[in-house]
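Peer 1: no sequence for this one, just the structure:
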């Protein structure tokens, strides 16, 4: 069992940066693939980036490649999402999710956080 909690969201200006954190409580965090999703009002949940537990090679969605960076610190049970060059299209609630499957795509995850709001002003 894992519990996930996101933090770090907020209001930022166009072109600015934020770092989100996804902290997990529970055991064997290193054996979980962790993925960030986001959902804007009126839109479907969107894959942002995932980091598989097997090889740690990030899988980025096209919308964030070159701007966002995911990393994990298994000693702290935390996955980070560094977001740079933010624009209005990045405004959404950001969720982290975890599962033991090494694949990052798809939305069937075992554990979800409650989300953190990111708002980018133009």
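Peer 2: Alright, I've got the coordinates. Predicted model, so just to flag it, every value in this text is computed and none were measured.
Peer 1: contacting residues for the residue nearest the centre of the chain?
Peer 2: In the chain, the residue lying closest to the centroid (C-alpha atoms, centre = their mean) is residue 36, at 2.5 Å. Listed by C-beta atoms under 8 Å, 6 or more residues apart in numbering, the contact set of residue 36 reads 20, 22, 48-50, 70, 79, 81, 94-97. For the C-beta atoms, the positions are set from N, CA and C on the backbone; glycine is no exception.
Peer 1: which SSE is residue 38 in?
Peer 2: Under DSSP states H and E, the secondary-structure element containing residue 38 is strand 33-39.
Peer 1: give me the buried positions along that strand.
Peer 2: The neighbour-count criterion (16 or more other C-beta atoms under 10 Å) identifies 33-38 as the buried residues of strand 33-39.
Peer 1: now swap in stretch 115-122 and tell me
Peer 2: Within stretch 115-122, the residues scored as buried using 16+ other C-beta under 10 Å are 115-116, 118, 120.
Peer 1: I would like the residues contacting that stretch, please.
Peer 2: Contacts of stretch 115-122 from elsewhere in the structure, counted by C-beta under 8 Å, 6+ apart, are 6-14, 16, 18, 20, 38-39, 83, 86-95.
Peer 1: buried ones from these, can you make that a PyMOL selection?
Peer 2: Command for PyMOL that selects the buried part of those, burial taken from 16+ other C-beta under 10 Å:
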select buried, resi 6+8+9+12+18+20+38+83+86+90+91+92+93+94+95
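Peer 1: pLDDT at the residue nearest to residue 19 when sequence neighbours are not counted, what is it?
Peer 2: Taking C-beta to C-beta, 6 or more residues apart in numbering as the measure, residue 19 lies nearest to residue 82, with 5.0 Å between them; neighbours along the chain are not counted. Note on residue 82: pLDDT of 98.
Peer 1: so which strand or helix has residue 82?
Peer 2: Taking DSSP H and E as the definition, one finds residue 82 inside strand 78-83.
Peer 1: packing partners of that strand?
Peer 2: Contact partners of strand 78-83 among helices and strands, from 3 or more C-beta pairs under 8 Å, 6 or more residues apart in numbering; DSSP states H and E: strand 18-26, strand 33-39, strand 46-51, strand 68-73, strand 92-99.
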